[in-house]
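Undergrad: Sharing a model that was predicted from the sequence below.
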Amino acid sequence: MPDYLQKRRRRWYAVMEIPKALKAKLGKPRFVKSLETESLAVAKRRVGPIVSAWMTELDRARAPGGEAGDAVRDDARFFRQALRRAATPEERDQLLEEITDAADAIAYEDIDIGQPLSSSVVATRFFGEATGWHAPTLENLDEWLSAVRTSAKTRDMQRADVQRFAAQFPILSDVQRPQVRRWVISLMNEDGLSPKTVQRILSALRGYWRFLQTINAVAEDRQPFTGLEVAREAKRAAPEIIRQPFEPADVPRLLAGAIGRGDDGLADLIRLGMWTGCRIEELCALKATDVAGDRFKVREAKSTAGIREVPVHAELQATMDRLVRESRDGYVLSGLTLNKYGDRSNAIGKRFGRLRTELDFGPEVVFHSIRKTVVTILENAGAPENVVADIVGHEKPRITYGLYSGGTTLEVKRATLAKLAYPRDPGA
């Protein structure tokens, strides 16, 4: 199969013959592009992306008719899958012979009389795809995602991460470590992604690549994602934003802001958060049946420690009674919409974000900062750390309480929570 390289005078060029059926449409007999180097090693590194772009252009040129190209790709996919299922070396060798014969037959149909069979771009691409070397990067993405045991939201992020990668590396043979390293650097230095985000992308790509190796789509010894140290590849990044608590006096400001906007649902969410220290997801998932007068149970939480019984603060009691009484859908916070992951907190969380911006708070504070404020107020009031942990659903900080204690009683938690107060009455 050709390497698409020609030396003209002292420089190397990428050259690809255009199939005879497309020469008139593209208005030229071949693609030619200078690789701007006299080094063969450099030329070999540069030619791959150029040839991939040309093949994409040929696919677009075939698109209106499409049938022949589709048939060739279907045949290539058939052989590729058969090779992966081959049980013995003999069966694999037989399939490779059949692939070579099929490529020759395609070449005879594609080239002009007198040209060598190896000049057929269509046959070359068929051979590469049939043997797996030029297989599309995304071909097995759905199969991998269906086998991954994780949340729907995480799967969607993994899909987006692999698709982002495939936009730069559409063919598996394009995936080489030097090019991948340059791409990683560009994610941070040109696209402005944080090292943490790039690490997440690389984690998804490594998982997908391991899956490709298990189904023999790529060789076991091909490791394009090893040795990539994101911190070393990145330019000096801006300091990461560290979430901070609100000042105690700021929480009543938030509540007054929500009331002033006429957003009763957001005002109730803030009331619940400021008097309980619960996470936004916990509050939005809280059902009316989870409330029993002066207490409620958190049943949906991030960890086992988050499953807990919480006393209703005296300042919150009237609000809680009203919300339970007026519930229209069984939830304490009625009328919230679900996003596609079944999360009721997403939309109202964005409303809180807009309120925060309108009140000139910075990105270092979010709804979760109210939870931090609750803990800070209780700490400064002298509340025991293990009791506060039981109220907000944290793991116990010390082994004796964390491992052996059955937890503090409701009355102890109630007495501790009574220490929670704000500089002025924010209203109920």
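TA: That came through fine. Computed from a prediction, not measured in an experiment: that's the story for all the values here. Numbers count the residues shown, from 1 in each chain.

Undergrad: which intervals of the stretch 151-300 of the chain have sub-threshold pLDDT?
TA: 231-241 (pLDDT under 70).

Undergrad: That one: helices as residue ranges?
TA: If DSSP state H, counting those that start in this stretch is used as the criterion, the helices of the stretch 151-300 of the chain fall at 152-168, 177-189, 195-214, 230-233, 250-260, 264-276, 280-285.

Undergrad: elements contacting the second one?
TA: Spelled out, it's helix 177-189. helix 195-214, helix 230-233 (3 or more Cβ pairs under 8 Å, 6 or more residues apart in numbering; DSSP states H and E). (C-beta placed from N, C-alpha, C; glycine too.)

Undergrad: looking at those, which is closest to Ile391?
TA: helix 195-214 (30.1 Å; Cβ to Cβ).

Undergrad: and that closest one, which residues are buried?
TA: For helix 195-214, a neighbour-count test (16 or more other Cβ atoms under 10 Å) marks Pro195, Val198, Arg200, Ile201, Leu202, Ala204, Leu205, Gly207, Tyr208, Trp209, Phe211, Leu212 as buried.

Undergrad: Now render those as a markdown table, adding distance to Asp268.
TA: Formatted as a markdown table, the buried residues of helix 195-214 follow (distance: Cβ to Cβ, whole Å):
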| residue | distance to Asp268 |
| --- | --- |
| Pro195 | 38 |
| Val198 | 39 |
| Arg200 | 34 |
| Ile201 | 38 |
| Leu202 | 41 |
| Ala204 | 38 |
| Leu205 | 43 |
| Gly207 | 41 |
| Tyr208 | 43 |
| Trp209 | 47 |
| Phe211 | 45 |
| Leu212 | 49 |
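
Undergrad: and the nearest residue to Leu286 once chain neighbours are set aside, what does it touch?
TA: With sequence-adjacent residues excluded and distances taken as Cβ to Cβ, 6 or more residues apart in numbering, Leu286 is closest to Val332, at 4.5 Å. By Cβ atoms under 8 Å, 6 or more residues apart in numbering, the residues touching Val332 are Leu272, Leu283, Leu286, Lys287, Ala288, Asp290, Val291, Phe296, Met320, Leu323, Val324.

Undergrad: Kindly recompute the last result at 10 Å.
TA: 268-269, 272, 283-291, 296, 319-320, 323-324, 326 (Cβ atoms under 10 Å, 6 or more residues apart in numbering).

Undergrad: ok so, going back, quick one: closest of the helices of the stretch 151-300 of the chain to Gln244.
TA: Across these, closest to Gln244 is helix 250-260 (Cβ to Cβ), at 10.6 Å.

Undergrad: Please enumerate the strands of the protein.
TA: 5-8, 11-17, 30-34, 295-298, 308-311 (DSSP state E).

Undergrad: quick one, which of those strands is nearest to Arg354?
TA: With Cβ to Cβ as the yardstick, what comes closest out of those is strand 295-298 (26.7 Å).

Undergrad: surely Leu269 meets Glu281?
TA: No - look at Leu269 against Glu281 with Cβ atoms under 10 Å: they stay out of range, at 11.5 Å.

Undergrad: Determine the residues that are contacts of both of those two.
TA: Contacts common to Leu269 and Glu281, judged by Cβ under 10 Å, 6+ apart, are Ser345, Gly349, Phe367.

Undergrad: ok, the last one touching Gly349?
TA: So the one you mean is Phe367. Yes - between Phe367 and Gly349 there is a contact under Cβ under 10 Å: 6.1 Å.

Undergrad: shared neighbours of the two, which are they?
TA: Leu266, Leu269, Ile280, Glu281.

Undergrad: who wins for most neighbours among those?
TA: Leu269 (26 neighbours; other Cβ atoms under 10 Å).

Undergrad: wait, what's in contact with that residue?
TA: With Cβ under 10 Å, 6+ apart, Leu269 has these contacts: 255, 258, 263, 280, 283-284, 332-333, 336, 345, 348-349, 351-352, 367, 370.

Undergrad: Could you do Lys7 as well?
TA: By Cβ under 10 Å, 6+ apart, the neighbours of Lys7 are Tyr13, Leu35, Glu38, Leu40, Ala43.

Undergrad: What subset of these is buried?
TA: Tyr13, Leu35, Ala43.

Undergrad: Format these as a markdown table; extra columns: distance to Ala217.
TA: A markdown table is the format used below for these (distance: Cβ to Cβ, whole Å):
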| residue | distance to Ala217 |
| --- | --- |
| Tyr13 | 32 |
| Leu35 | 29 |
| Ala43 | 28 |
